[in-house]
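Novice: below are the sequence and a predicted model for it; my questions follow.
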Amino acid sequence: MTYRHPARFYSNRAGRAGQSLVEVVFALGVVSFCVLPLLALLSVGCVGYNSAIKQSVQADIVQQVRVLAGSLSSAGGQIPTTYYRADGTATTQTDTTALYKAVAQPAASPSLTSPAPSVLLVNQVQIIFIPSGQVLANEVIHVTPRLAQQ
């Protein structure tokens, strides 16, 4: 029996299928060069998604205030300050999940661009994001009061 040194077993690379360290590092570099921009685009997409959700909720809140103003204007009532959750549902001031506050202020007079001469109430509505106090929307709404059913 002949003795072979263990280093001679590893010196013959012809029969082994493997990758060198340089090839592995190069492959990782190529993959990371392709994946990192995709992760950056994911972040941009999430920011756009959150912005779209906020705009949708703001539009929903303005619509709810418009309906409330229409029902109160025939009785000559003032639109109260209302509070809303993140999904746009109305809530109370004491609710800790309230994220938006809608403040309606009556305007001095209807604007000249009123949709119809029967518009009696014009309000300026501010939607305020409660945690930061930032005004997210400043809308002017024209409300046609509902006629009393006789």
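Specialist: Structure's in. What do you need?
Novice: show the average pLDDT along the top helix by length along the chain.
Specialist: Criterion DSSP state H: the longest helix present in the chain is helix 21-73. Averaging pLDDT along helix 21-73 gives 87.
Novice: so which elements touch that helix?
Specialist: strand 82-84, strand 100-106, strand 121-129, strand 134-143 (3 or more C-beta pairs under 8 Å, 6 or more residues apart in numbering; DSSP states H and E). For every residue, glycine as well, the C-beta is placed using N, CA and C.
Novice: one more time with 10 Å
Specialist: Helix 21-73 is packed against strand 82-84, strand 90-91, strand 100-106, strand 121-129, strand 134-143, with contacts defined by 3 or more C-beta pairs under 10 Å, 6 or more residues apart in numbering; DSSP states H and E.
Novice: dump these into a markdown table; add mean neighbour count, distance to residue 55 and mean pLDDT as well.
Specialist: Formatted as a markdown table, these follow (neighbours: other C-beta atoms under 10 Å; distance: least, C-beta to C-beta, whole Å; pLDDT from 0 to 100):
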| stretch | mean neighbour count | distance to residue 55 | mean pLDDT |
| --- | --- | --- | --- |
| strand 82-84 | 21 | 14 | 89 |
| strand 90-91 | 16 | 19 | 88 |
| strand 100-106 | 18 | 12 | 81 |
| strand 121-129 | 18 | 11 | 75 |
| strand 134-143 | 15 | 9 | 70 |
